[in-house]
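Student: pasting the sequence and the predicted coordinates here, then a few questions.
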2 protein chains.
Amino acid sequence: MKKTVRAHTNIALIKYWGKADAKLRLPLMSSLSMTLNAFYTDTSISKAIDKDIFYLNKKRQTAQQSRRVLNYLSLLKQKFDINDHLIVESINHVPTAAGLASSSSAFAALAAAFCKYYDINANPTELSRLARIGSGSASRSIFGGFAIWQKGNSDESSYAYPLDEHPQMDLRLLAIELNTQQKKISSTRGMQDAQSSPFFKPWLKRNEFELNQMINAIKNNDFTTLGELAELNANEMHAINLTAQPEFTYFEPETIRAIKLVEQLRQEGIECYYTIDAGPNLKVLSQLRNVKDIIQRFSSEFNNVKIVNASFGPGITYLD
Amino acid sequence: MKKTVRAHTNIALIKYWGKADAKLRLPLMSSLSMTLNAFYTDTSISKAIDKDIFYLNKKRQTAQQSRRVLNYLSLLKQKFDINDHLIVESINHVPTAAGLASSSSAFAALAAAFCKYYDINANPTELSRLARIGSGSASRSIFGGFAIWQKGNSDESSYAYPLDEHPQMDLRLLAIELNTQQKKISSTRGMQDAQSSPFFKPWLKRNEFELNQMINAIKNNDFTTLGELAELNANEMHAINLTAQPEFTYFEPETIRAIKLVEQLRQEGIECYYTIDAGPNLKVLSQLRNVKDIIQRFSSEFNNVKIVNASFGPGITYLD
């Protein structure tokens, strides 16, 4: 017997960038995301003989490589008084080209597959809370379309919920992988260090305001406001990093070039905005009519750039 | 009869980036600068026959090129009830290589030359106020060493004063001109747009705190704190720009590379910090023992980079 669940990755338009509780992964701010159709993880749970085992993309992972996943699995087993040994098999349908962190889909799929395997009757809110403990952003990947992770102040009150699972909005996300190979500061480290910025507290104070503005933009089908807000919120996150003590930045030279290309495209009347996560790559928000032009321009102005064209993805799906 | 005055440029370690009054050039924050020995402007005043004329580097300037200088000259004449026509001759000893704005030295020299020519008995405070109306940062170039421009709230109360005219501190400033050719957003435009950043007000609130910390660092001959604060303050200014609505940035791809080289040098134990003004170039703060290594590294890692090695310069000097 084996149970398989699919979860899609999501990209935050209002960012999660700071933990109130590292163990429970309670955030310092609420966040809002778009679940993507182009990237997902399929995870199966089945019985093992004498110890927990993790396969990723059909390859048995070493103890070191498995640690985060198997620690989380232990936590789930403990929570539900289960003593079995289990096999976790994950296939990441996240093109390595995309430069997208896959932990949101990975931990959402794992939490859901575990509950399915044991017939644990977890509603979406409970699933979101469980996924959150694996990876904060996974709380949002339980849902399709637009999801909001309300920060809450406890394990019980910190979970995501859908804002609109099947949006009619004309919104595309182009994941642009620039040709950079730089060592990365982990998100965990980055969001810890960011709190030394003098602008961190002022940013927290703005969170509710920006979140509400974003919710209104979505309700009003207002792409321009959504794009401007997403770009502002991402820039705020990177401004926080730049003013940490000492400063750090995920920007690479190519990031600046790509930002300037987005500015240039807007000046030419090709409406698009960017968001940037804990890495050098841009995700460009646009609408269907401009996708072709944007892809063409990025392709011609950057060497070896890889672009994935994404739109809204669904919430978790039970495959067998 | 001709009177000539020399004034040196200065670089702000605590930045001026916002006007409270555009006409009087009253700033929204106090600032602190280092006057540099390597860059200066010599300006002479003499009588003209029938109209004001401006020569820059021995070239007669067009009406358009002369506008800012001659408007300022008119203002000075008006202030002191003078009806003469004048010739302004300026020689900028600011290597175009340096990427340094020369308006601080230019307007300080012009204000002082004008007063000298007419035997106007202006004390340094009055000179600083006069220079300020030409260009905000010129208020600080009246003085050598470290100068503070207190923001004040009126024409009378907004002027610079020396913190230490002859510092004993081991402090070098390497002006690094990176090989970039991008259109520039003027300071006037930039500091206007910056005020739309949600972090602008929080930044203003920090000004007095950072200024006092910087004063203490100078008094304690504490290069590390001076460098860290200067870097933080510059990053704050650029974080403000990045979060303006809409965002803008003076950073170019090479700026990010240079920032990362400074980080790298520090990791190697070569202590240095950067400050960045309204352009893509870095000014690297360091101490004598590390200057050679830093120049060597920037020279080897950047094509066609131009580096000027500067230290403390004096206040205005009367040449004839």
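Tutor: Cool, got the structure. Residues are numbered from 1 along each chain as shown, chains lettered A, B, ... in the order given.
Student: residues contacting A:Q181?
Tutor: A:Q181 makes no contacts at all, as judged by C-beta atoms under 8 Å, 6 or more residues apart in numbering or on different chains. Any C-beta I mention is one placed from the backbone N, CA and C, and that applies to glycine too.
Student: okay, it: pLDDT?
Tutor: A:Q181 is assigned 74 on the pLDDT scale.
Student: doesn't it belong to a strand?
Tutor: No. When classified by DSSP: H, G, I helix; E, B strand; the rest coil, A:Q181 is found to be coil rather than part of a strand.
Student: show me which residues of the longest strand along chain A are buried.
Tutor: Assignment by DSSP state E gives strand A:31-47 as the longest strand of chain A. Neighbour counts over strand A:31-47 (16 or more other C-beta atoms under 10 Å in any protein chain shown) mark A:31-36, A:38-46 as buried.
Student: give the other helices and strands that it contacts.
Tutor: Here strand A:31-47 touches strand A:2-14, strand A:86-93, helix A:103-117, strand A:146-150, strand A:172-177, helix A:200-219, strand A:306-310, going by 3 or more C-beta pairs under 8 Å, 6 or more residues apart in numbering or on different chains; DSSP states H and E.
Student: pick the most buried one from these.
Tutor: Most buried of these by mean neighbour count (mean count of other C-beta atoms under 10 Å in any protein chain shown) is helix A:103-117; its value is a mean of 28.
Student: that one packs against which elements?
Tutor: The contact analysis (3+ C-beta pairs under 8 Å, 6+ apart) places helix A:103-117 against strand A:2-14, strand A:31-47, helix A:63-79, strand A:86-93, helix A:124-134.
Student: got the contact list for A:F312?
Tutor: A:34-37, A:144-145, A:166-167, A:171.
Student: got the phi and psi for it?
Tutor: Note on A:F312: its backbone torsions stand at phi -70, psi 130 [degrees, to the nearest 10].
Student: give me the neighbour count for the nearest residue to A:P253 once chain neighbours are set aside.
Tutor: The shortest distance from A:P253 to any non-neighbouring residue, by C-beta to C-beta, 6 or more residues apart in numbering or on different chains, is to B:P253 (3.4 Å). When neighbours are defined as other C-beta atoms under 10 Å in any protein chain shown, B:P253 has 21 of them.
Student: you'd agree A:L265 is up against A:I295?
Tutor: No. Using C-beta atoms under 8 Å, A:L265 is not in contact with A:I295; the gap is 11.2 Å.
Student: quick one: low-confidence parts of chain A?
Tutor: Applying pLDDT under 70 to chain A flags residues A:96-99, A:101, A:182.
Student: rerun that using 80 as the cut-off
Tutor: A:95-102, A:179-183, A:320 (pLDDT under 80).
Student: quickly list the domain ranges of it.
Tutor: A:2-167+A:314-318, A:172-310 (automatic domain parsing).
Student: isn't A:R172 up against A:I307?
Tutor: No. A:R172 is beyond contact range of A:I307, at 11.1 Å (criterion: C-beta under 8 Å).
Student: ok, A:A106 - contacts?
Tutor: A:7, A:41, A:43, A:69, A:90, A:92, A:134-135, A:138.
Student: recalculate using a threshold of 10 Å.
Tutor: Applying C-beta atoms under 10 Å, 6 or more residues apart in numbering or on different chains, one finds that A:A106 lies in contact with A:7, A:9, A:40-41, A:43, A:56, A:68-69, A:72, A:88, A:90, A:92, A:94, A:131, A:134-135, A:138, A:141.
Student: equivalent analysis for A:D320, please.
Tutor: Listed by C-beta under 10 Å, 6+ apart, the contact set of A:D320 reads A:1-5, A:44, A:116.
Student: kindly report the same for A:H238.
Tutor: A:15, A:17, A:194, A:249-251, A:255, A:259, A:276-278, B:239, B:242-243.
Student: so of the residues you listed, which ones are in helices?
Tutor: Residues of those located in helices (DSSP state H): A:255, A:259, B:239, B:242.
Student: that older thread, of the buried residues of strand A:31-47, which pair is most distant in space?
Tutor: A:L32 and A:S46 (35.1 Å; C-beta to C-beta).
Student: verify the contact between A:I91 and A:D42 for me.
Tutor: Yes. The pair A:I91 / A:D42 is scored as a contact, 4.7 Å apart, by C-beta atoms under 10 Å.
Student: between those two, what contacts are shared?
Tutor: Going by C-beta under 10 Å, 6+ apart, residues that sit against A:I91 and also against A:D42 are A:4, A:6, A:109.
Student: in JSON lines, list those residues along with distance to A:N83.
Tutor: Listed next are the shared contacts of A:I91 and A:D42 as JSON lines, based on distance: C-beta to C-beta, whole Å:
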{"residue": "A:T4", "distance to A:N83": "23"}
{"residue": "A:R6", "distance to A:N83": "27"}
{"residue": "A:A109", "distance to A:N83": "23"}
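Student: nearest to chain B among these?
Tutor: Closest to chain B out of these is A:A109 (34.9 Å), distances taken as C-beta to the nearest C-beta.
Student: from A:R60, how far out is that closest one?
Tutor: Look at A:A109 and A:R60: by C-beta to C-beta, to the nearest Å, they are 19 Å apart.
Student: please apply the same query to A:I185.
Tutor: 29 Å.
Student: who has more neighbours out of these two?
Tutor: Neighbour count, other C-beta under 10 Å: between A:I185 and A:R60, A:I185 has more, with 16 against 12.
Student: spatially nearest residue to the more buried one (excluding sequence neighbours)?
Tutor: Leaving out its chain neighbours, the residue that sits closest to A:I185 by C-beta to C-beta, 6+ apart is A:F248, at 5.9 Å.
Student: cool, A:A122 as well?
Tutor: Leaving aside its sequence neighbours, A:A122 sits nearest to A:C115 (C-beta to C-beta, 6+ apart; 4.6 Å).
Student: what's the answer for A:Y161, then?
Tutor: Among residues not flanking A:Y161 along the chain, A:I148 sits closest, at 6.0 Å (C-beta to C-beta, 6+ apart).
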